[in-house]
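1. Sequence and predicted model, in that order:
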Amino acid sequence: MATIKVDIVSAEGEIHSGEARMVYAPAQMGEVGIAPRHAPLLTALSPGEVRIEDTDGKEHGFYITGGMLEVQPHLVTVLADTALRGDQLDEAAALAAKQQAEEALKGVSSDTDLRQAQAELAEASARYRAAQKLKGKR
Amino acid sequence: MAGEKEIRSKIASVKNMQKITSAMEKVAASKIRKAQKQMEASRPYAERIRRVIGHLSHANPDYKHPYMTEREVKRVGFIIISTDRGLCGGLNINLFKRIIGEMAEWQGKNVDVDLALVGAKSVQFFRRIGGNVLGTATHLGDRPSVNDLLGSIKVMLDAYEDGKIDRLFLANNVFVSAMSQKPTITTLLPISAIDLGDESLQDHWDYIYEPDAGELLDDVLMRYIESQVYRGAVENFASEMAAKMVAMKSATDNAGEIIESLQLEYNKARQAAITQEISEIVGGAAAVSG
């Protein structure tokens, strides 16, 4: 029986790699089933389950939060996202990065400033204690 | 000469410090291994996505995405990846020196520079130096995740798409080996530099696209850039740990040397005290018997 090679990868690691008889994936236009020798296809994936029927007829499920599906006649590649994506979410992330930059540069109450101040405080109090000790000795 | 007691307490405090630095050294050494694994793990994704882009541009050579077209350079962007914490030798400074040099070169050509900073150290540094910072991300922790980087990347990609910057670079330390890390600047955009050579794809064929070729190419290219930056972050983390290990090892060795010399001083002081005591006793005895 003909098989097709399936690779599921995310930026943070390889998730699955192996031969399969059939692959089901949650494409944005509806679920697609990929059999060996499928025509080349490129599509975006929605959050959902990628199911693989392996050569023994067993089913394996992988939950993905979205990504891309590339199909070649003998190879299926699932490029899985590691995070929930969407235009609005991406936009929000970009905004957060911008704000963080502004705060850090203004240096009012940013995290880095706090950390640095804390470190300086710790150092100063250690010095003070050392000075007190020396004073006591004399 | 310093008193015996003082030297002893000095030795004790240096020993304490040595314990801390050697513990940090060991922690860093074990984290290098983890970081290296993470580097390995990110490779398949980058390879696959590169292949998809290869297929895409083979399949429709006429379609030119803005990410793939060279423009006249009026303004450039840098994504700079530094560490969050210090105590890792000259790692960050070497990188910053490299970047400052590069920036000066661009500015010499009347090209302005925009920055996106990853890592608390770069934020501190460029706050002092100055520079047009568009986005930052700090406190990535031991396992940098794509999620933490998305914001800063998106800011730069938006700027590129809007034509505010015409070229995008990634600056980070590349992990060569545990002993050597190399500050490196690579071009992210435009992507013309990707080697798309794949002999098996000479025939002209095309994908079935769902929903639409342009949109999909957008998505793929964005993910490609993200995976590159992610790889940079992981690589930089491995470099940080390697540099930290070396720095802490030399600190531990230094502490050992200091302890040795203090010990010598201590012995001398102790011997001097004993000699003095004996001479006093002998002197006293002589006075009594004499």
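-> Noted; the coordinates are in hand.
2. what's the neighbour count on B:K109?
-> 9 (other CB atoms under 10 Å in any protein chain shown). For glycine as for every other residue, the C-beta is placed from the backbone atoms N, C-alpha and C.
3. what about it, distance to chain A?
-> Distance from B:K109 to chain A, counting by CB to the nearest CB, to the nearest Å: 25 Å.
4. same thing with B:S152?
-> Taking CB to the nearest CB, one finds B:S152 at 5 Å from chain A.
5. Outline the domain layout of chain A.
-> A:4-80, A:87-137 (automatic domain parsing).
6. mind checking the SS state of whatever residue of the stretch 151-290 of chain B ends up closest to chain A?
-> At 3.1 Å from chain A, B:G151 is the closest residue in the stretch 151-290 of chain B, using CB to the nearest CB. Secondary structure state of B:G151, per DSSP: H, G, I helix; E, B strand; the rest coil, is helix.
7. So what's the residue count around it?
-> The burial count for B:G151: 24, using other CB under 10 Å.
8. B:I225 versus that one, what's the distance?
-> Per CB to CB, to the nearest Å, B:G151 is found 14 Å from B:I225.
9. ok, now A:L42?
-> Counting by CB to CB, the gap from A:L42 to B:I225 is 18 Å.
10. ditto for B:P144
-> B:P144 sits at a distance of 16 Å from B:I225 (criterion: CB to CB).
11. do the same with B:V246
-> Noted for B:V246: a distance of 32 Å to B:I225, by CB to CB.
12. These two: who's more crowded?
-> Neighbours of B:V246 and B:I225, each counted by other CB under 10 Å, are more numerous for B:I225; the result is 22 against 19.
13. by contact count, what packs against the helix or strand hosting the more buried one?
-> Assigned by DSSP states H and E, B:I225 belongs to helix B:213-289. The contact analysis (3 or more CB pairs under 8 Å, 6 or more residues apart in numbering or on different chains; DSSP states H and E) places helix B:213-289 against strand A:41-45, strand A:67-72, helix B:4-59, strand B:75-81, helix B:91-108, helix B:146-161, strand B:167-177, strand B:180-189.
14. what about the residue in chain A that chain B sits nearest to, neighbour count?
-> Residue of chain A nearest chain B, by CB to the nearest CB: A:A97 (3.1 Å). Burial of A:A97 is recorded as 27 neighbouring residues (other CB under 10 Å).
15. wait, doesn't it sit right on B:D148?
-> No: A:A97 is not in contact with B:D148 according to CB atoms under 8 Å; the separation is 9.6 Å.
16. joint contacts of the two?
-> B:A137 (CB atoms under 8 Å, 6 or more residues apart in numbering or on different chains).
17. Looking at residue 130 now. What's its pLDDT?
-> No chain specified, so I'll use chain A. A:A130 carries a pLDDT value of 68.
18. Switch to chain B, please.
-> Reported pLDDT for B:G130: 84.
19. Can you tell me which residue is spatially central in chain B?
-> Note on chain B: the residue nearest the mean C-alpha position is B:N236, at 3.5 Å, using CA atoms, centre = their mean.
20. Poorly predicted segments of the chain, please.
-> Defaulting to chain A. A:1, A:83-89, A:104-138 (pLDDT under 70).
21. my bad, chain B
-> B:1-2, B:59-62, B:192-205.
22. which other residues reach stretch A:24-34?
-> Residues contacting stretch A:24-34 (CB under 8 Å, 6+ apart): A:4, A:22-23, A:41, A:43-52, A:64, A:69, A:71, A:76, A:78, B:210-211.
23. Just the buried ones out of these, please.
-> Among these, those classed as buried by neighbour count (16 or more other CB atoms under 10 Å in any protein chain shown) are A:4, A:22-23, A:41, A:43-45, A:48, A:50-52, A:64, A:69, A:71, A:76, A:78, B:210.
24. Count the neighbours of B:A273 for me.
-> So B:A273, with other CB under 10 Å, has 13 neighbours.
25. Is it in contact with B:I7, as I believe?
-> No: contact criterion CB under 8 Å: B:A273 and B:I7 do not qualify, at 11.6 Å.
26. Next, count neighbours for residue 102.
-> I went with chain A, as the question did not name one. When neighbours are defined as other CB under 10 Å, A:E102 has 15 of them.
27. The chain in question should be chain B.
-> 16.
28. thought it was touching B:I185?
-> Yes: in terms of CB under 8 Å, B:E102 counts as a neighbour of B:I185; the distance is 5.9 Å.
29. Find the residues that touch each one of those two.
-> By CB under 8 Å, 6+ apart, the residues touching both B:E102 and B:I185 are B:78, B:169, B:171.
30. How about the contacts made by B:I79?
-> B:115-116, B:118, B:152-153, B:156, B:168-171, B:188, B:229, B:232.
31. re earlier: so which of the helices and strands packed on helix B:213-289 comes closest to A:I8?
-> Between A:I8 and these, the shortest separation by CB to CB is 8.9 Å, and it involves strand A:67-72.
32. got the helices and strands packed on helix B:213-289 as CSV, with distance to B:G135 columns?
-> Formatted as CSV, the helices and strands packed on helix B:213-289 follow (distance: least, CB to CB, whole Å):
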stretch, distance to B:G135
strand A:41-45, 25
strand A:67-72, 24
helix B:4-59, 22
strand B:75-81, 9
helix B:91-108, 16
helix B:146-161, 4
strand B:167-177, 13
strand B:180-189, 15
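33. rewinding a little: the closest residue to the residue of the stretch 151-290 of chain B closest to chain A other than its chain neighbours and B:Y160, how far apart?
-> In space, and not counting its chain neighbours, B:G151 is closest to A:A97: 3.1 Å by CB to CB, 6 or more residues apart in numbering or on different chains. Applying CB to CB, the value for A:A97 to B:Y160 is 15 Å.
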